[in-house]
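Colleague: I would like to see how this sequence folds:
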Amino acid sequence: LTGLIGGIYIGKSRRKIVYTNMYKVILLSYGSPERIEDVPEYLSGIFNGKKVPENILNENIEKYRMVNGKSPSNEIIKNIMDKLSRLLNKYGDFEVTDAYKHWKPGIEETVESLNNEYESVIALPLFAFKSNNVSKSYEIPFKKAILPKNVDYKFINGLDDEMFTYAWIKNISKYIYDYDSFLFTAHSLPLIDDETDYINSLHKYADKISKILGIKSYYTAFYSQGPYGKWIEPSIYSLIDKFRADGIKNIAVVPLGFLYEHLEILYDLDVKYKEFLAENGIEYVRAKTPSCSDELIILLKNVILKNLEK
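Modeller: A predicted model of the protein is given here:
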């Protein structure tokens, strides 16, 4: 018998853990509408029910039109849920579901609907790096909803695991033959709080992946800074002078801060940044995110089980 709650070791050599409790895993994410027709309702949620400015509504509808009218993220998350559930159930009784900050089902709605059969609830935001932004946006509403349930729970902020590196390797390695320079990037965050952990995570994994693949020239920067207040810098756009000075003709962009394909990659990078680089004579290519790859599923499984052992 181990010191773990709800876990026992079987066998002395393999030390395989079987978790005897019933666990509910909730994958948390920002959320996105599946159809252009849903964009007004989606934005209304972001604006807390207030009238959405017409220019913002039109801008977002146009973004969806430019990516064929649909974000792939919801379907990808459903596939992640299915594969993760199958893998986790090799270790015990796990049920996996989803909840969204700005779409349906909402975080509070999902937590409040839980019945009493679960001994423990694990909330896992689908964001690569630990941040105070995730804590404020996801942990606070999750805890507010879960505390009245009087149930054991864990909130996991960041996916710091060796498997994170390998979840990206395959998708990046195909570009090492034809591209000399790589840009590792993550979505910028407002500097309302200290986001040192978030910034350091991008640098850490960019360096680790570059060493494994033998990448000699790489850059790190952030994208999608908001129009108001201070945000994490440098911006990917501010690197253009350095690209010129370094004689960069092509670059492979790696959005390390995101786990799966969605609008802020397909539009902000694949449309707007690609256009910007083309105007400056630089060829753009972008590494696909891990999405619902086996490597990502193993990463999520590792992080969940590692947290249960604490």
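Colleague: In what element of secondary structure is the closest residue in space to residue 129 that isn't next to it in sequence found?
Modeller: Among residues not flanking residue 129 along the chain, residue 201 sits closest, at 3.8 Å (Cβ to Cβ, 6 or more residues apart in numbering). In short, each C-beta sits where N, CA and C put it, glycine included. With elements taken from DSSP states H and E, the one containing residue 201 is helix 196-213.
Colleague: So which residues make contact with that helix?
Modeller: 128-133, 158, 160, 164-165, 168-169, 172-173, 176, 182, 184-186, 189, 215-216, 218, 220, 222, 232, 254, 256-257 (Cβ atoms under 8 Å, 6 or more residues apart in numbering).
Colleague: I'd like the next helix or strand past that helix.
Modeller: By DSSP H and E, the next helix or strand past helix 196-213 is strand 217-223.
Colleague: Following that following strand in sequence, what is the next regular element?
Modeller: Scanning onward from strand 217-223 (DSSP H and E), the first element met is helix 240-245.
Colleague: buried stuff in that next one?
Modeller: Going by neighbour count (16 or more other Cβ atoms under 10 Å), the buried part of helix 240-245 is 240, 243.
Colleague: again, but for stretch 180-195
Modeller: Applying 16+ other Cβ under 10 Å to stretch 180-195 flags 180-189, 195 as buried.
Colleague: what is the mean pLDDT for it?
Modeller: Mean per-residue pLDDT for stretch 180-195: 97.
Colleague: What of stretch 76-89?
Modeller: pLDDT averaged over stretch 76-89 gives 98.
Colleague: got the CA positions of it in CSV?
Modeller: C-alpha atoms of stretch 76-89 as CSV (Å, rounded to 0.1, in the frame of the first residue of the first chain):
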residue,chain,number,x,y,z
ILE,A,76,-10.0,18.6,-31.9
ILE,A,77,-10.9,18.9,-28.2
LYS,A,78,-13.6,16.2,-28.6
ASN,A,79,-10.9,13.9,-30.1
ILE,A,80,-8.5,14.7,-27.3
MET,A,81,-11.3,13.8,-24.8
ASP,A,82,-12.0,10.5,-26.4
LYS,A,83,-8.3,9.4,-26.7
LEU,A,84,-7.4,10.7,-23.2
SER,A,85,-10.4,8.8,-21.7
ARG,A,86,-9.3,5.6,-23.4
LEU,A,87,-5.7,5.9,-22.1
LEU,A,88,-6.5,7.0,-18.6
ASN,A,89,-8.9,4.1,-18.1
